[in-house]
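Asker: no sequence for this one, just the structure:
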Ligand code: PMP
C-alpha cells in the first residue's frame, strides 16, 4: 500500500456519501464515527477510502493498529489459522495458540512472579473480569477508580468510567460499590491548602485519604488505574503518583489493576506503561494493540490471584478466539521484527517536537504531554486553562478534509490525541503535521464555528 496522503475527491467523496445515506437508515444513530469517509483498505500508516482518497492515520483505530494496519505478520498468522479452524471455543476444546498467548503475556507483563492469564474479546470485558477476580481473591467488594477514567461501556465498566455523556447518559442504574478518587492531572493541578504544589506523591496521598475516609481500605477489593489515562485526555500522572498508590494497595491488601488496554503493547515505548515508573501491578488488562486489529483482550496477573475464582468462573464463547490468538502471536512478531519499542520512542519524539513547535506559536495549545507514541495536545482559550472543545472538533474535522485522521479525547473534548501506527514513515508524519499547522493557522478564533464540540 503506497504510504502517501492523496486526495482525489472532496471529503467525503460521492461513494462515502452514498454509504452515509444507507447508514443513516440502517445503523443506530447512537453509534458514532469520527471520520466521514468509508474505508476500503488500509496498510502501514494510511487508510484508503471507497473514493480512492488516501489519508495519514494518526489514530490507529483508537490505539489498535500499533504494528501497522494489515501488518503482514498478523495477516499471515490469521490466514494460516482460519484455514485450519475458525473456532472450537476454548471452554469446549482448547488449542495451543491460546496457551502460547498466555505464556507470552506472563513473560511480557511487569514483574517476575508466577503469572497466569485469561483471554476475552473486548477491553471492557478484561476490566470486568479483573474486578471479578479481585473480588473472588479478597472477599471484598469495593472498587476504586479515578477522575477522568475510562474503562468501557458495559454496565460495570460504565460505573467505572467517569464521563457522563455520551458513555453513561440515560443508561443507569449503574453497578454499586464503585468509588471515584481524585487523580494527578499536572496541567490542571492547583496547590494544597498550605500553598504547596501538589506533586505526584501528594496527589496520591490525597486520593488515598479520600478512599480511607469515604470507603475504608479494608473494604476495597481493587484499585483500577490507567497508567496514562486514554479517553480522559492522555493524562500522565505526575511522577511518584503511581508508585505511591501501588505501595498503599500492597500495604492494604488491595489488588492493584493496571488498565493497559490503551497504553499496552509497545504504544508508550515500553511493552506496558507501568514500566516507566517501575510499578508492578497485581493484574494487568490488555486489548487493542495486542492483536493488530482482531478482537482480543487479556487479564494477566499473579497466579494465586488469577486462580481465585471457582473453576469455570471465567470465560466466554469467543474469548481467546483462535484467529485472534494467531493475530496476537503475529503482532508480537511484528513488534520484535520491527524493533517497535524503539520506534515508539522515536515516533513520540517526532510528535512531541512538532507539537511543542506549534505550542510555541499558538497559545491555544495549552499543554503537550504523553509517553512514547501516545501524545496529546490540550487546547484552551488563549492565556487561560479554559478548555476549548470547539477548536479540537474543528481541527479534527478540517484535518480529515485535508487527508489527515486525528482523534480527540478528554473530559471536555478539548484534547487532540496522536497515536499513529508505528509503521507510519517519518516523512508522512512530518507531512501530517505540516497539514495540522496549516489547519491551526487557518482556524483563527474568528472563523471557529460556535459550539463545535462533539
Ligand atoms: N480501558 C481503557 C483504558 C480503554 O482505553 C478502553 C477503550 N478505549 C477500554 C478499557 C474499553 O475497551 P473496549 O472498547 O475494547 O471494550
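Answerer: Here it is on my side, so go on. These figures come from a predicted structure and were not determined experimentally.

Asker: so what's the residue nearest the centre of the chain closest to, chain neighbours aside?
Answerer: In the chain, the residue lying closest to the centroid (CA atoms, centre = their mean) is residue 262, at 2.4 Å. Spatial nearest neighbour of residue 262, chain neighbours left out: residue 230 (3.5 Å); criterion: CB to CB, 6 or more residues apart in numbering. Every residue, glycine included, has its C-beta placed from N, CA and C.

Asker: Check residue 104 too.
Answerer: Nearest to residue 104 is residue 332, by CB to CB, 6+ apart, at 6.1 Å.

Asker: any idea how far residue 84 is from the residue in the stretch 51-200 of the chain positioned nearest to the ligand?
Answerer: Using CB to the nearest ligand atom, residue 123 is the residue of the stretch 51-200 of the chain that sits closest to the ligand, at 2.2 Å. Residue 123 sits at a distance of 27 Å from residue 84 (criterion: CB to CB, to the nearest Å).

Asker: What ranges does the stretch 351-454 of the chain have for its helices?
Answerer: Listed in chain order, the helices of the stretch 351-454 of the chain (DSSP state H, counting those that start in this stretch) span residues 389-401, 426-442.

Asker: elements contacting the first one?
Answerer: Judged by 3 or more CB pairs under 8 Å, 6 or more residues apart in numbering; DSSP states H and E, helix 389-401 is in contact with strand 374-379, strand 407-409, strand 415-418, helix 426-442.

Asker: so what's residue 250 up against?
Answerer: Residue 250 is in contact with residue 256, counting by CB atoms under 8 Å, 6 or more residues apart in numbering.

Asker: give the contact list for residue 153.
Answerer: The contact partners of residue 153, taken as CB under 8 Å, 6+ apart, are 124, 161, 167.

Asker: Inside strands: which ones of those residues?
Answerer: If you go by DSSP state E, those have nothing in strands.

Asker: Out of those residues, which sit inside helices?
Answerer: When DSSP state H is applied, the contacts of residue 153 are split such that residue 124 fall in helices.

Asker: Pick the one among the contacts of residue 153 closest to residue 246.
Answerer: Ranking these by separation from residue 246, with CB to CB as the measure, puts residue 161 on top at 22.1 Å.

Asker: backbone phi and psi for the closest one, please?
Answerer: Its backbone dihedrals place residue 161 at phi -80, psi 140, with angles given as degrees, to the nearest 10.

Asker: Tell me how many other residues surround it.
Answerer: Using other CB atoms under 10 Å, residue 161 has 25 neighbouring residues.

Asker: Could you do residue 420 as well?
Answerer: Residues contacting residue 420 under the criterion other CB under 10 Å number 26.

Asker: from what I can see it touches residue 373, true?
Answerer: Yes. Residue 420 sits in contact with residue 373 when judged by CB atoms under 8 Å, with a separation of 6.7 Å.

Asker: what touches both of those two?
Answerer: Between them, residue 420 and residue 373 share the neighbouring residues 347, 351, with contact defined by CB under 8 Å, 6+ apart.

Asker: Can you tell me which residues in the chain are near the ligand?
Answerer: 62, 122-124, 127, 150-152, 226, 230-231, 259, 261-262, 287 (CB under 6 Å from any ligand atom).

Asker: what ranges do the helices span in the stretch 201-350 of the chain?
Answerer: In the stretch 201-350 of the chain, the segments counted as helices under DSSP H, counting those that start in this stretch are 241-252, 303-306, 322-337, 340-361.

Asker: and the second one, what does it pack onto?
Answerer: I take that to be helix 303-306. Contacts defined by 3+ CB pairs under 8 Å, 6+ apart place helix 303-306 against strand 115-120, helix 123-138.

Asker: To residue 222, which of these lies closest?
Answerer: Put simply, out of those the one that sits nearest residue 222 is helix 123-138, at 3.6 Å, with distance taken as CB to CB.

Asker: between that closest one and strand 115-120, how big is the angle?
Answerer: Between the axis of helix 123-138 and that of strand 115-120 there is an angle of 140 degrees, by axes from the mean of the first three to the mean of the last three CA atoms, to 10 degrees.

Asker: Any idea how far helix 123-138 is from the middle of the chain?
Answerer: Using CA atoms, centre = their mean, to the nearest Å, we find the averaged C-alpha position of helix 123-138 to lie 18 Å away from the chain's own average C-alpha position.

Asker: Could I get the average pLDDT for it?
Answerer: Helix 123-138 carries an average pLDDT of 98.

Asker: ok, back up a step: mean neighbour count and mean pLDDT added to the helices and strands packed on helix 389-401, as TSV?
Answerer: Below are the helices and strands packed on helix 389-401 laid out as TSV (neighbours: other CB atoms under 10 Å; pLDDT from 0 to 100):
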stretch	mean neighbour count	mean pLDDT
strand 374-379	27	98
strand 407-409	23	98
strand 415-418	26	98
helix 426-442	17	98
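
Asker: Mind checking these for the one nearest to residue 189?
Answerer: Distances from residue 189 to each of those were compared using CB to CB; the shortest belongs to strand 374-379, at 13.1 Å.

Asker: Tell me, what's the model's pLDDT at the closest residue to residue 317 other than its chain neighbours?
Answerer: Spatial nearest neighbour of residue 317, excluding adjacent residues (CB to CB, 6+ apart): residue 89 at 5.8 Å. According to the prediction, residue 89 has pLDDT 98.

Asker: Is residue 89 in a helix, a strand, or coil?
Answerer: Using DSSP: H, G, I helix; E, B strand; the rest coil, the secondary structure recorded for residue 89 is coil.

Asker: didn't it look like it was pressed against residue 320?
Answerer: No. Residue 89 sits out of contact with residue 320 when judged by CB under 8 Å, with a separation of 9.3 Å.

Asker: which of those two has more neighbours?
Answerer: The residue with more neighbours, out of residue 89 and residue 320, is residue 320; 27 against 16, by other CB under 10 Å.

Asker: mind listing what that one touches?
Answerer: 90, 98, 101, 118-120, 296.

Asker: What about it? Give its phi and psi, please.
Answerer: Geometry field for residue 320 lists phi and psi as phi 70, psi 40, criterion degrees, to the nearest 10.

Asker: For the ligand, see how far away it is.
Answerer: Applying CB to the nearest ligand atom, to the nearest Å, one obtains 15 Å for the distance of residue 320 from the ligand.

Asker: Next, count neighbours for the closest residue in space to residue 166 that isn't next to it in sequence.
Answerer: On the basis of CB to CB, 6+ apart, the spatially nearest residue to residue 166 that is not a chain neighbour turns out to be residue 32, at 7.6 Å. The criterion is other CB under 10 Å. On that basis, residue 32 has 8 neighbouring residues.

Asker: Weed out the non-buried ones from the contacts of residue 320.
Answerer: Among the contacts of residue 320, those scoring as buried are 90, 98, 101, 118-120, 296 (criterion: 16 or more other CB atoms under 10 Å).

Asker: how about these in JSON lines, adding distance to residue 431?
Answerer: Output for the buried ones among the contacts of residue 320, formatted as JSON lines (distance: CB to CB, whole Å):
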{"residue": "90", "distance to residue 431": "44"}
{"residue": "98", "distance to residue 431": "41"}
{"residue": "101", "distance to residue 431": "36"}
{"residue": "118", "distance to residue 431": "42"}
{"residue": "119", "distance to residue 431": "38"}
{"residue": "120", "distance to residue 431": "38"}
{"residue": "296", "distance to residue 431": "32"}
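
Asker: Since that was my last question, I'll sign off now.
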